[in-house]
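S.K.: Fold the following, please.
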Amino acid sequence: MSVYVDNGRYTLGRMLMSHMLADSTDELHDMANKIGLKREWFQQKSVPHYDLCQAKRKLAVEHGAKEITRTELAFLARRLKTTLHAAALAARGGK
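M.R.: Numbering: from 1, shown residues only. Model (predicted):
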């Protein structure tokens, strides 16, 4: 199980941002707590993630997050969506 941060640099206002994802939401929230992110910043729209300013990204890496490229992020997001969808189906009894 791992936490990942991408090397993307998109802007939110004047801040440069990246994304943080993990193999499980528990791991994601655990890392968010370690680096001082508020739970209300959690985004679950398509793939559960947090947006990170560059200072928080650096902290995440210092706490063991793996740095990945934007291409790797896209593959990871696709895998996580499939896994989460399968887990949701299983929780509903496969219906």
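S.K.: Contact partners for the residue nearest to L37 when sequence neighbours are not counted?
M.R.: Once flanking residues are discounted, L37 sits nearest to Y50: 5.6 Å by C-beta to C-beta, 6 or more residues apart in numbering. Glycine gets a C-beta too; all of them are placed from N, C-alpha and C. Y50 makes contacts with 19-20, 28, 32, 37, 41-43, as judged by C-beta atoms under 8 Å, 6 or more residues apart in numbering.
S.K.: For the helix or strand hosting L28, name the packing helices and strands.
M.R.: Using DSSP states H and E, L28 sits within helix 25-35. Packing partners of helix 25-35 (3 or more C-beta pairs under 8 Å, 6 or more residues apart in numbering; DSSP states H and E): strand 3-6, strand 15-22, helix 54-62.
S.K.: Would you indicate which residues of it are buried?
M.R.: 27-29, 31-32, 35 (16 or more other C-beta atoms under 10 Å).
S.K.: Next, name the residue at the spatial heart of the chain.
M.R.: L21 (1.7 Å; C-alpha atoms, centre = their mean).
S.K.: pLDDT averaged over the biggest helix by length in the chain, what's the number?
M.R.: Using DSSP state H, we find that the single longest helix of the chain is helix 70-91. Mean pLDDT, computed over helix 70-91, is 81.
S.K.: One more: stretch 27-36?
M.R.: 97.
S.K.: Then stretch 54-64?
M.R.: The model assigns stretch 54-64 a mean pLDDT of 96.
S.K.: residues of that stretch that come out buried?
M.R.: Of the residues in stretch 54-64, 56-57, 59-60 count as buried by neighbour count, 16+ other C-beta under 10 Å.
S.K.: Let me have those residues in a markdown table, adding distance to I68 as columns.
M.R.: As requested, the buried residues of stretch 54-64 are arranged in a markdown table below (distance: C-beta to C-beta, whole Å):
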| residue | distance to I68 |
| --- | --- |
| K56 | 16 |
| R57 | 12 |
| L59 | 17 |
| A60 | 12 |
